[in-house]
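Participant: Take this sequence and fold it.
(chains A and B)
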Amino acid sequence: DARVTQTPRHKVTEMGQEVTMRCQPILGHNTVFWYRQTMMQGLELLAYFRNRAPLDDSGMPKDRFSAEMPDATLATLKIQPSEPRDSAVYFCASGLVGSFAGELFFGEGSRLTVL
Amino acid sequence: AQKITQTQPGMFVQEKEAVTLDCTYDTSDQSYGLFWYKQPSSGEMIFLIYQGSYDEQNATEGRYSLNFQKARKSANLVISASQLGDSAMYFCAMRGGNEKLTFGTGTRLTIIP
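Facilitator: Numbering: from 1, shown residues only, chains lettered A, B, ... in the order given. Take a look at the predicted model:
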């Protein structure tokens, strides 16, 4: 049963620390999205990749966030330094480009708490 | 720019009744897709149903159907014969030519026994 895998599932850290979240997309999918979910803002698109190339990261705070896909099986989202306002659930999703019928498959999310 | 509007923050429905969750959208794209996702209390996002902008028939998936009215730019989700397990947050989303999936603010559905 193919699924998107995210690690860690939960992370508690102190302000100023570096946080790295990892995502393994479904094999064969060529788009990867990072979303952030908070009560106040809902689901926000942070960045997305097609064929490992970053297409849009306009939703991401550039000074502290970075997203990469070092290979087709791994996407990373890094926050350095982390701040309490970064506390949220971060979702990774993957899908196939070129077809509107291609739904996005979501991972279970990484719940981040920054103290 | 794409925008999804869900005007019902919360809904309470008696078990076994049908429920309609509202969704309107705005886009300048000619081709687009509309999606509904369910998020139970456990937090995962579960894909429910998809409707393409050129699809002439309303999409159906089991107890879920999408009432697509293109001229009104609405894509309401209809759940028939609701069950206790349907209690969750429901998100309407749209994907346009730029491939981004834009979400609405969601509707929290509570099924009452």
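Participant: Output the set of residues of chain A in proximity to chain B.
Facilitator: By the rule C-beta under 8 Å from any C-beta of the partner chain, the part of chain A lying against chain B is A:31, A:33, A:35, A:42-43, A:45, A:48, A:50, A:55-56, A:89, A:91, A:93, A:97, A:100-101, A:103-106, A:108-109, A:111. Just so you know, the C-beta spots here come from the backbone N, C-alpha and C atoms, and that holds for glycine as well.
Participant: Can I get the buried part of the residues you listed as one ChimeraX selection?
Facilitator: Selection of buried members from the residues of chain A next to chain B for ChimeraX, criterion 16 or more other C-beta atoms under 10 Å in any protein chain shown:
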select /A:31,33,35,42,43,45,48,50,55,56,89,91,93,100,103,104,105,106,108,109,111
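Participant: So which of the residues of chain A next to chain B are in strands?
Facilitator: Among the residues of chain A next to chain B, DSSP state E puts A:31, A:33, A:35, A:42-43, A:45, A:48, A:50, A:55-56, A:89, A:91, A:93, A:105-106, A:111 in strands.
Participant: Which of those residues scores worst on pLDDT?
Facilitator: Ranked by pLDDT, those bottom out at A:Asp56 (84).
Participant: Adjacent strands (with direction) for whichever helix or strand B:Phe12 is part of?
Facilitator: Using DSSP states H and E, B:Phe12 maps to strand B:10-14. If you go by DSSP bridges, strand B:10-14 pairs up with strand B:107-112 (parallel).
Participant: can you list the weak-confidence ranges in chain A?
Facilitator: A:1, A:97-102 (pLDDT under 70).
Participant: one more time with 90, if that's ok
Facilitator: A:1-2, A:30, A:40-41, A:50, A:54-59, A:61-62, A:95-104 (pLDDT under 90).
Participant: now chain B
Facilitator: B:1-2, B:29-31, B:55-56, B:95-101.
Participant: would you list every one of the strands in it?
Facilitator: B:3-5, B:10-14, B:19-21, B:24-26, B:33-39, B:46-52, B:60-61, B:64-69, B:74-79, B:88-95, B:101-103, B:107-112.
Participant: Now do the longest one and strand B:74-79, the angle between them.
Facilitator: Looking back up the chat, that one is strand B:88-95. Counting by axes from the mean of the first three to the mean of the last three C-alpha atoms, to 10 degrees, strand B:88-95 points 150 degrees away from the direction of strand B:74-79.
Participant: Fine, thanks again, bye for now.
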